[in-house]
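Engineer: show me how the following folds:
(one chain, ligands or ions: 1)
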Amino acid sequence: MLPCQRQLFDIPNDVAYLNCAYMSPLMRPVVDAGMAGLGRKAHPWELTPDKFFTGSDKFRTTAAQLLDCSADCVAIVPSASYGIATAARNLPVRKGQSILVLDEQFPSNYYPWQRLAEESGAALKVVPWPEDNDWTAAVLNALTGEVAVAALPQVQWTSGGRLDLVRIGQACRRIGAALALDLTQSLGALPFSVGEVKPDFAVAASYKWLLGPYSIGLLYVAPKWHGGRPLEENWIQRANASDFASLILYTEDYDQGARRFDMGERSNFALLPAATRAMEQLLVWGVPEVSATCGALNRQLAERAGELGFSAPPEELRAPHYLCLRRKAGISRELPEILAREKVFVSVRGSSIRVTPHVYNTVGDVERLINVLGPQAGRR
Ligand SMILES: Cc1ncc(COP(=O)(O)O)c(C=O)c1O
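Structural biologist: Here you go, the predicted structure:
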């Protein structure tokens, strides 16, 4: 477990921010790195061609450590949707096959597959919500021979349910299905290893559990897809990109590894250093330690909320950092207003409250949420 790291963040004492799954706050050193990067363009004569490559490579190397893969397998993308669209463009699917998604899957990991299914004549197969909260068993049960692609997260975002991707990866390989992952609600907060899961593609937006800025993310591409087709054709993906004087000597060849899948203007001088700095801090803390720290706060909260009539999936089936509390009697309509007044920040969705703390939270923040929920008990 980590000691509270609030001093690294700019969070006022009267704010109980328990909503990292919505958007993480930036650490002060991350803001500094981003500001310094933005400032570089005040002096473009200092932005020499090598700077278009060094920042990108540092981002790749750092992301690769979090993913447990080679830096050559990391592409730089603006969003989860971009990464998933890249996967959907490259994974072969035919009529009679199916693409597997979860019930209530996040739209960025649903629409591209719906479109691909429509265009290829394949079926979209939706894993039904498991009454016993066991998403892994539900997915394993749905992984039958006709599945061409399993497009999944590591954490189901409306329940906090955790998927055992090692077992799911093994099952995919057994039936010859590709595995495309959206790790946006887990990478940085829940241990993950490309070496163990062996996905074909895996994407994560930076602005949640990677503690980075908005509009940047990472895409893992397995070596077998490195000859694939990127979403866009831009100059910096090509083999001759570092020779600025010869860019119009057009070439068929791409830069090595997953770099061909990089977005245009991938060398973003403000966002890349900030995202890299945030990932470096996560590596210093250690992802298992971040997970244990968030998990301890959520465990305490789940116990206290249980006394007030709220229930959560059992600990062994949910992600420690991601707690969705539900109440049979529902949640009173005034709750969002009361939470806002008390400066307690969580997400309220229908009859569920999503609580997602991070290393800046304290036991006091948990207490403040309980103090708001307490009077809710017995109310409709
Ligand atoms: C599971 C999941 N994936 C992806 C995203 C973000 O998607 P995008 O980067 O396409 O905006 C979110 C945002 O809430 C999310 O919860």
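
Engineer: and the nearest residue to Asp253 once chain neighbours are set aside, how far is that from Gln256?
Structural biologist: Spatially, and ignoring its direct neighbours in sequence, Asp253 is nearest to Ala239 (3.8 Å; C-beta to C-beta, 6 or more residues apart in numbering). Heads up, the C-betas are built off the backbone N, CA and C, glycines and all. Counting by C-beta to C-beta, to the nearest Å, the gap from Ala239 to Gln256 is 8 Å.

Engineer: more neighbours, the two?
Structural biologist: Ala239 (14 against 10; other C-beta atoms under 10 Å).

Engineer: per-residue confidence for that one?
Structural biologist: For Ala239, the pLDDT comes out at 96.

Engineer: next one: it relative to the ligand, how far apart?
Structural biologist: 29 Å (C-beta to the nearest ligand atom, to the nearest Å).

Engineer: that residue contacts Tyr254, correct?
Structural biologist: Yes: contact criterion C-beta atoms under 8 Å: Ala239 and Tyr254 qualify, at 6.1 Å.

Engineer: distance from stretch 30-42 to the middle of the chain?
Structural biologist: Distance of stretch 30-42 from its chain centroid, counting by C-alpha atoms, centre = their mean, to the nearest Å, is 24 Å.

Engineer: ok, stretch 198-212 near the ligand or not?
Structural biologist: Yes: applying C-beta under 6 Å from any ligand atom, one finds that stretch 198-212 is in contact with the ligand at Ala205.

Engineer: and that stretch, what's buried?
Structural biologist: Neighbour-count burial for stretch 198-212 flags 199-212 (criterion: 16 or more other C-beta atoms under 10 Å).

Engineer: which of the residues you listed fall within helices?
Structural biologist: Among these, no member falls in helices (criterion: DSSP state H).

Engineer: need the max-distance pair from the residues you listed.
Structural biologist: Asp200 and Leu211 (26.4 Å; C-beta to C-beta).

Engineer: tell me the one of the buried residues of stretch 198-212 nearest the ligand?
Structural biologist: Relative to the ligand, the closest of the buried residues of stretch 198-212 is Ala205; by C-beta to the nearest ligand atom it sits at 3.9 Å.

Engineer: how much space between the most centrally placed residue in the chain and the ligand?
Structural biologist: When C-alpha atoms, centre = their mean is applied to the chain, the residue found nearest the centroid is Thr184 (0.9 Å). From Thr184 across to the ligand, the span is 4 Å (C-beta to the nearest ligand atom).

Engineer: ok, Ala123 next?
Structural biologist: The value you get for Ala123 to the ligand, if C-beta to the nearest ligand atom is used, is 23 Å.

Engineer: next one: Leu124
Structural biologist: 17 Å.

Engineer: which parts of the stretch 51-200 of the chain are strands?
Structural biologist: In the stretch 51-200 of the chain, the strands defined using DSSP state E, counting those that start in this stretch lie at 74-77, 98-102, 123-127, 147-153, 178-182.

Engineer: redo those as TSV? Include mean pLDDT and mean neighbour count.
Structural biologist: As requested, the strands of the stretch 51-200 of the chain are exported to TSV (pLDDT from 0 to 100; neighbours: other C-beta atoms under 10 Å):
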stretch	mean pLDDT	mean neighbour count
strand 74-77	98	28
strand 98-102	98	25
strand 123-127	98	18
strand 147-153	98	25
strand 178-182	99	27
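
Engineer: enumerate the residues of the stretch 151-300 of the chain near the ligand.
Structural biologist: 153, 157, 182, 184-185, 205.

Engineer: so where is the chain shaky, pLDDT-wise?
Structural biologist: 377-380 (pLDDT under 70).

Engineer: and the helices in it?
Structural biologist: Going by DSSP H, the chain shows helices at 28-39, 51-67, 80-90, 111-120, 135-142, 165-175, 194-197, 271-285, 287-307, 335-341, 363-373.
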